[in-house]
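Enquirer: Next one to model:
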Amino acid sequence: MPPDRQGTESDGRPDGAAAVVVGGGLAGITAALALADAGLRVTLLEGRPRLGGLAFSFRRGDLTVDNGQHVYLRCCTAYRWFLDRIDGADLAPLQERLDVPVLDADRNRLGRLRRSELPVPLHLASSLVRYPHLSLLERAAVGRAALALKGLDLADPALDEQNFGRWLARHGQSPRAVEALWDLVGVATLNATADDASLALAAMVFKTGLLSEPGAADIGWARVPLGDLHDTLARKALDKAGVRVETRTRVSALSRTDGGGWSVETDRERLDAGSVVLAVPQQEAHALLPEGSLDHPDALLGIGTAPILNLHVVYDRKVLKRPFFAALGSPVQWVFDRTAASGLTGRGQYLAVSQSVAQDEIDAPVAALRERYLPELERLLPAARGAGVRDFFVTRERTATFAPTPGVGRLRPGARTRTPGLYLAGAWTATGWPATMESAVRSGTQAAEAALTTLGRPRNRLFREAA
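Expert: Alright, predicted model coming up:
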């Protein structure tokens, strides 16, 4: 390896032009790209054999399978910057206009959440008026609650301590309205029901996604395997930027050098650098943080986690005409058609069923999940009745996101630590967003921005816009 790419100096003094990023998820990739774009020599270390963190793909026979269905919204400006930066935007396009089919299994009715080009909040008014899953009184109450939500100040720290479910109840929301609207959106974005969610994070989701700009909630998702974006294209972008990427490399310790820089110990080598970005889950960050780096390091251990379960069903025929839908009156939450993205050929169809808030089922046997969910899919999709099931398998992310419980905001640290040259990144840090791809990328830009500001380095225009 050429000396100028190792991020080390033989005399022990800190090399301000060298940086090490620990963690190859979206946060780490973003930080590495931003630092390299500003002229630093960057080494990215990842323990897994691939990049992408918890948004990745793997092979199963002839299929390429995503570990879980991931989507983003038009308001996710940082993740959209990331897609542009790795030349992947065309592979994960946005809807031209928000349109979410919602199937009620109990009532056998289809409703849609759509937007118009009218200004906020009128852009959703016609959709809400026609939404068949709520009564006229419930729809009117939803409108009043939305206006009250729009008036909340997201900078008010008191919101973090409040429970979103109780706030909805105080604002006249019936259990049916919570199920058919608030949790329909909130469970997918927060990975928590309203009763278990911080008002601050819920308000952020609804204000930013539904009550900021008419097109803010337009949905985008990858039409290719996530690995094509977060691993293959990301590696190309990192290589082009001059970032040295080392996978299958575990970091065991971080320590200050006598010269005031950083020493990063791995199972392969020791790296010296002037700046280190720790972009790993909060429990791993806690284990690696040198003493004194945070005022309350054990707060990281107080940031809980929440699981997501994904069910994968391959039918012998086409059973779903839409690209996706959400369900009510069923344990099924969201269903996506992944046929083309997976590489499945022939007359079959591959559906991915994404189940957030999966605490009760995350460890359930595959046979039990199959017995429960295949009949539910037949209830929702008449064409599935009598269709052959070629394959049924499950992917489980037991620590998919941080738990967005009331009070979690005061536990989330910022990018800077008390130790010069050491920065934190990850969706669990203080981005103001729940644990989404957007939050991960924002955390990477925040960590890189903090490091570059300390070093007095200029940032390019696209990075400034993302940060």
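
Enquirer: what residue ranges in the protein score low on pLDDT?
Expert: Where the chain drops to pLDDT under 70, the residues are 1-15, 459-467.

Enquirer: list the helices and strands the longest strand seen in it packs on?
Expert: Longest strand in the chain by number of residues, with DSSP state E as the criterion: strand 389-402. With contacts taken as 3 or more CB pairs under 8 Å, 6 or more residues apart in numbering; DSSP states H and E, strand 389-402 sits against strand 305-315, helix 366-380. Just so you know, the C-beta spots here come from the backbone N, C-alpha and C atoms, and that holds for glycine as well.

Enquirer: Minimum distance to Arg347: which of those has it?
Expert: Comparison of the helices and strands packed on strand 389-402 against Arg347 by CB to CB identifies strand 305-315 as nearest, at 9.3 Å.

Enquirer: Give me the buried positions along the longest strand of the chain.
Expert: Buried residues in strand 389-402, counted by 16 or more other CB atoms under 10 Å: 392, 394-397, 400-402.

Enquirer: now do stretch 104-121
Expert: Result for stretch 104-121 [16+ other CB under 10 Å]: buried residues 104-105, 111, 113-115, 120.

Enquirer: got it, and stretch 314-330?
Expert: Going by neighbour count (16+ other CB under 10 Å), the buried part of stretch 314-330 is 314-315, 319-320, 323-330.

Enquirer: Enumerate the beta-bridge partners assigned to the closest residue to Thr399 other than its chain neighbours.
Expert: The shortest distance from Thr399 to any non-neighbouring residue, by CB to CB, 6 or more residues apart in numbering, is to Thr305 (4.0 Å). Beta-bridge pairing for Thr305 (DSSP bridges): Phe402.

Enquirer: how close does the residue lying closest to Leu233 once chain neighbours are set aside sit to Ala234?
Expert: Leaving aside its chain neighbours, Leu233 sits nearest to Ile86 (4.3 Å; criterion: CB to CB, 6+ apart). Going from Ile86 to Ala234 by CB to CB, to the nearest Å gives 5 Å.

Enquirer: which one of these two has more residues nearby?
Expert: Ranked by neighbour count (other CB atoms under 10 Å), Ile86 and Ala234 place Ala234 first, with 29 against 22.

Enquirer: just to revisit the earlier point, most tightly surrounded among the helices and strands packed on strand 389-402?
Expert: Ranked by mean neighbour count, the helices and strands packed on strand 389-402 are led by strand 305-315 with a mean of 22 (mean count of other CB atoms under 10 Å).

Enquirer: what's it packed up against?
Expert: Other helices and strands packing on strand 305-315, by 3+ CB pairs under 8 Å, 6+ apart, are strand 349-355, helix 366-380, strand 389-402.

Enquirer: can you dump the C-alpha coordinates of the first one into PDB?
Expert: Going back to what we said before, that points to strand 349-355. Extracted C-alpha coordinates of strand 349-355, given in PDB (Å, rounded to 0.1, in the frame of the first residue of the first chain):
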ATOM      1  CA  GLN A 349     -43.600 -12.800  -8.800                       C
ATOM      2  CA  TYR A 350     -41.500 -12.000  -5.700                       C
ATOM      3  CA  LEU A 351     -43.200 -10.000  -3.000                       C
ATOM      4  CA  ALA A 352     -41.400  -8.500   0.100                       C
ATOM      5  CA  VAL A 353     -43.500  -7.900   3.200                       C
ATOM      6  CA  SER A 354     -42.000  -5.300   5.500                       C
ATOM      7  CA  GLN A 355     -43.000  -5.600   9.100                       C
END
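
Enquirer: for that strand, which positions count as buried?
Expert: For strand 349-355, by 16+ other CB under 10 Å, it's 349-355.

Enquirer: longest helix of the protein?
Expert: helix 437-455 (DSSP state H).

Enquirer: tilt between it and strand 389-402?
Expert: Calculated by axes from the mean of the first three to the mean of the last three CA atoms, to 10 degrees, helix 437-455 forms an angle of 40 degrees with strand 389-402.

Enquirer: Return the set of buried residues in helix 437-455.
Expert: Counting neighbours by 16+ other CB under 10 Å, one finds that the buried residues in helix 437-455 are 437-452, 455.

Enquirer: next one: stretch 170-186
Expert: In stretch 170-186, counting by 16+ other CB under 10 Å, buried: 173-174, 177-186.

Enquirer: Likewise for stretch 29-47?
Expert: Across stretch 29-47, burial judged by 16+ other CB under 10 Å covers 29-38, 40-47.

Enquirer: Restricted to strands, list those residues.
Expert: Secondary structure defined by DSSP E assigns 41-45 of the buried residues of stretch 29-47 to strands.
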